[in-house]
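>>> sequence? don't have it. structure:
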């Protein structure tokens, strides 16, 4: 069983930065085929943000060039560095684990989910 706990959310002004962290327990994250970040704004579907897998790192189009995902084997965490934040980045951000090979982007491909952390970007 894999447990995921997100942290690092908060309120930030447009143009600012936040760093989210996903603490993985139950397995070493490098043994999990993919760890992804998703977000969901009120009234919208859950959206893929970024992932780190055995194939490398990958990003959604809306965050490419602004967000960076990284893994820390020693701490068993996956971080999401978010720069140049925009009001449209406001959402609850979720960390998830998938047992799909390749670079999964669909929520249905992810088996384990964290509780989420709120990110609010003010204009």
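Yep, that arrived. Small disclaimer: the values here were computed from a predicted structure and weren't measured.
>>> Residue 2 is in contact with residue 23, isn't it?
No: Residue 2 lies out of contact with residue 23 (Cβ atoms under 8 Å); the separation is 11.1 Å. In this view, the C-beta of every residue, glycine as well, is placed from N, C-alpha and C.
>>> show me the contacts for the residue minimising distance to the centre of the chain.
Nearest to the geometric centre of the chain sits residue 37, at 2.1 Å (Cα atoms, centre = their mean). Residues in contact with residue 37 (Cβ atoms under 8 Å, 6 or more residues apart in numbering) are 20, 22, 48-51, 69, 78, 80, 93-96.
>>> Give me the buried subset of those.
Using 16 or more other Cβ atoms under 10 Å as the burial test, the contacts of residue 37 include 20, 22, 48-51, 69, 78, 80, 93-96 as buried.
>>> Let me have those in CSV, extended by pLDDT and secondary structure.
Output for these, formatted as CSV (pLDDT from 0 to 100; DSSP: H, G, I helix; E, B strand; the rest coil):
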residue, pLDDT, secondary structure
20, 98, strand
22, 98, strand
48, 98, strand
49, 98, strand
50, 98, strand
51, 98, strand
69, 98, strand
78, 98, strand
80, 98, strand
93, 98, strand
94, 98, strand
95, 98, strand
96, 98, strand
